[in-house]
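>>> quick one, what's the 3D model for this:
(one chain, ligands or ions: 1)
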Amino acid sequence: MSEKTLFQKIIDREIPAPLVYEDDLVAAFNDINPQAPIHVLIVPKKLIPRVGEAVPEDQATLGALLLAAGRIAEKLGIKARDKGFRLVINHGRDAGETVPHLHVHLLAGRSLEWPPG
Ligand code: AMP
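The predicted model follows:
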């Protein structure tokens with residue numbers, strides 16, 4: 001069996017990281033190296049290495065990631081249009097992916113530039 005990813009170890013409580021959100025399909029915790037005042041990682045409990053490798057059977061899990069983002073934004077008080085948040089998924093080297101376990105970055109708490117770097 002292949003070794004667990006870092007994020008799988010967090011989900012399985014083998015590496016400590018307080019969960020800010022959890023449901024049947026996903027868990028979320030604060031990024032260890034935040035790029036904004038709010039930087040949450042939303043991760044599927046089932047290992048999908050990266051978004052481009054998701055298969056049709058992952059549809060509910062992919063939807064759960066975005067629904068979780070909305071719930072977390074609500075909980076953190078950033079859902080109003082006069083505040084806001086950004087979701088980012090990095091796939092592969094050119095995008096800066098470093099952990100091979102699909103995750104959605106939720107960034108907020110400051111004005112975010114567009115286009116991104
Ligand atoms: P990516 O570069 O899109 O693969 O994002 C991986 C993210 O995981 C980076 O933003 C890292 O700061 C974050 N990260 C790495 N190790 C941990 C950890 N132990 N707990 C929380 N976040 C982490």
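
>>> excluding chain neighbours, give the residue nearest to residue 25 in space.
Spatial nearest neighbour of residue 25, excluding adjacent residues (Cβ to Cβ, 6 or more residues apart in numbering): residue 64 at 4.0 Å. Any C-beta I mention is one placed from the backbone N, CA and C, and that applies to glycine too.

>>> cool, residue 50 as well?
Excluding its sequence neighbours, the residue lying closest to residue 50 (Cβ to Cβ, 6+ apart) is residue 91, at 4.7 Å.

>>> buried ones in the host helix or strand of the residue nearest to residue 25?
For residue 64, the host element (DSSP states H and E) is helix 59-76. Across helix 59-76, burial judged by 16 or more other Cβ atoms under 10 Å covers 61-62, 64-65, 68-69, 72-73, 76.

>>> what helices or strands is it leaning on?
strand 19-22, strand 26-30, strand 38-44, strand 85-88, strand 104-108 (3 or more Cβ pairs under 8 Å, 6 or more residues apart in numbering; DSSP states H and E).

>>> and for residue 35, the neighbour number?
Neighbours of residue 35 under the rule other Cβ atoms under 10 Å: 12.

>>> roughly how far apart are it and residue 108?
Separation of residue 35 from residue 108 (Cβ to Cβ, to the nearest Å) stands at 11 Å.

>>> beta partners for the closest residue to residue 104 other than its chain neighbours?
Counting by Cβ to Cβ, 6+ apart, residue 104 lies nearest to residue 42, which is 4.3 Å off, once chain neighbours are set aside. In this entry, residue 42 is beta-bridged to residue 28, residue 104, by DSSP bridges.
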